[in-house]
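[1] requesting a structural model of the entry that follows:
(one chain, ligands or ions: 1)
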Amino acid sequence: MERSESGTRDDRTVHAAIDQSVEERDQSFMGVALAEGRRGLARTSPNPAVGAVLVRDGRIVGRGQTQPPGGPHAEIVALREAGEAARGATLYVTLEPCAHHGRTPPCVDALVAAGVAEVRVALVDPFPQVAGRGIVRLRAAGILVAVGLGATEASELHEGFFTRLATGRPHVTAKWAMTLDGRIATRTGRARWVTSPSARREVHRLRDRIDGIVVGVGTVLADDPLLTTRLPDEDVGVGGPHHPLRIVLDGAGRTPPDARLLRPDTPGRTVIACTAAAPEACRAAWRAGGAEVLVVAGDGPRVDLRHLLADLGRRGLNTLLVEGGGEILASCFAAGLVDRALVFVAPKLIGGRTAPGPLGGLGAATMNGAYRLRDVVVRHFDDDLLIQGEIDRGGAAADEADGPIAAAPATGAIFHQRTKSTIGREESLSDGRILPSTQGGDHVHRDC
Ligand SMILES: NC(=O)c1ccc[n+]([C@@H]2O[C@H](COP(=O)([O-])OP(=O)(O)OC[C@H]3O[C@@H](n4cnc5c(N)ncnc54)[C@H](OP(=O)(O)O)[C@@H]3O)[C@@H](O)[C@H]2O)c1
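    Numbers count the residues shown, from 1 in each chain. A predicted model of the protein is given here:
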């Protein structure tokens, strides 16, 4: 038998197999923690929707997700479930445990007191009061800490929180439904319904996980939407359906006081964002209907979107869905405020010169001025497609030159799927490293 410093070849094969199974086991436990976190989305803001799992002797002994503001964090929920079994256990958690006193005491103290032996953290918390200190404190107490397992998935889970910390505004997803010929409504303004029931169900799942929805007054006048979350029981998240904060952009005060989203029996809250141009009588009527009126700086007669989004960020909204219509979507894109686009495409053709498209406004003069999506993912909902992509801020592409056309990808590569799983990649954070504080961090909070 070949023998070396590191043992026989058989030994090495066995160790490699063990390493492989340890890695797979770690991946699957972090996967459970990520799933716990996702169940809390939109229910924890301004705090991140963290998920945690405690494992001892290969068995889950506690799991948890961060509770609504003022409630315990995911780690504490998991510790409470585990009780004495937490001693010697490994914690898998989607974000670094907190080390500061907010509305709740530091999670690191509770982990140390419970005798947890190891902690696998997906991501360091960029929140300035944590920013590596949680990891330093755990290590100082003799707990083994590894960082990076499931980092890509956790970045996605916490993208709203991270965007707000970095920019002071929520993460913004622009969403619309259009026909194959690029229309979001007919020439008479009718948009019910562009897509199939299963695509619309997906929209309600999205609403269940988002902090706020934005629409323009044009959409309120045309569709009189409810903008609530209506889901079958099996799709509903923790604690029942979550109705996002509805935000209507109405510079001049055209929202009818009897709009359905203002009715007392419509669940959830409505904010009408107007400018000083909206008459006081309109504002009084909206308030009487239970809406909050937010008078925002005007961009002419229109609501200044940067001011509005900064205000929503200060209120602790981590995520926003802009649902249209075309004028609002165009303004959000033009202001550089869109992070992601979700486009449902139905196999229908409407036609007509005046039927609106998804982006109103002036539009680009040349192809170089087009907004581009990257990391594109395509999914099917019955016969409808959902095309999702991140807005590429890398600048305009040089599409206009009459050069040779690049070779086409191999047949079958019509849709490409983003592959994201990086669970298993681990890297250590050196002791004492504190991340630089983020831009805008002074006016945002984690209201623990
Ligand atoms: N298929 C879909 O996904 C979908 C989704 C939503 C809507 N729709 C359709 O879209 C149509 C409505 O779209 P729309 O473009 O007419 O109206 P809109 O985008 O819903 O609302 C535009 C209005 O919002 C107000 N506004 C306030 N601040 C603004 C700002 N910063 N930028 C832009 N507008 C601002 C303006 O009215 P003031 O100047 O009076 O303030 C403006 O006229 C309807 O036919 C509806 O059915 C389709």
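[2] count the residues that sit near the residue nearest to Pro267 when sequence neighbours are not counted.
    Leaving aside its sequence neighbours, Pro267 sits nearest to His243 (Cβ to Cβ, 6 or more residues apart in numbering; 5.0 Å). Every C-beta, even on glycine, is put in place using the N, C-alpha and C of the backbone. Per other Cβ atoms under 10 Å, the neighbour tally for His243 reads 19.
[3] and His243, how close does it get to Leu359?
    Distance, His243 to Leu359, using Cβ to Cβ, to the nearest Å: 27 Å.
[4] for the ligand, what are the nearby residues on the stretch 51-200 of the chain?
    Neighbours of the ligand within the stretch 51-200 of the chain, by Cβ under 6 Å from any ligand atom: 176-177, 184-185, 189, 191, 194.
[5] mind running it again at 8 Å?
    175-178, 184-186, 189-192, 194 (Cβ under 8 Å from any ligand atom).
[6] mark which of these are buried, thanks.
    Neighbour counting by 16 or more other Cβ atoms under 10 Å classes 175-178, 184-186, 189, 191, 194 among these as buried.
[7] mind jotting down where the helices sit in the stretch 1-150 of the chain?
    For the stretch 1-150 of the chain, the helices defined by DSSP state H, counting those that start in this stretch cover 9-39, 74-82, 107-114, 133-140.
[8] out of those, which comes closest to Val295?
    helix 9-39 (36.0 Å; Cβ to Cβ).
[9] ok so, going back, so for Leu320, which of the helices of the stretch 1-150 of the chain sits nearest?
    Nearest to Leu320, of the helices of the stretch 1-150 of the chain and by Cβ to Cβ, is helix 9-39 at 18.1 Å.
[10] so which bits of the closest one are buried?
    If you call a residue buried by 16+ other Cβ under 10 Å, then helix 9-39 has these buried ones: 26-27, 29-38.
[11] check stretch 258-277 too.
    Buried, per 16+ other Cβ under 10 Å, within stretch 258-277: 259, 261-262, 266, 268, 270-275.
[12] what do you get for stretch 203-212?
    Neighbour-count burial for stretch 203-212 flags 203-204, 206-212 (criterion: 16+ other Cβ under 10 Å).
[13] output that stretch as CSV, nothing but the C-alphas.
    C-alpha atoms of stretch 203-212 as CSV (Å, rounded to 0.1, in the frame of the first residue of the first chain):
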residue,chain,number,x,y,z
VAL,A,203,-47.7,38.2,-8.3
HIS,A,204,-49.6,37.7,-5.1
ARG,A,205,-46.7,35.5,-3.8
LEU,A,206,-44.4,38.4,-4.5
ARG,A,207,-46.7,40.9,-2.7
ASP,A,208,-46.6,38.6,0.3
ARG,A,209,-42.8,39.0,0.5
ILE,A,210,-42.5,42.7,-0.3
ASP,A,211,-42.7,45.8,2.0
GLY,A,212,-44.4,48.2,-0.3
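[14] mind checking the pLDDT average for that stretch?
    What stretch 203-212 shows for mean pLDDT is 96.
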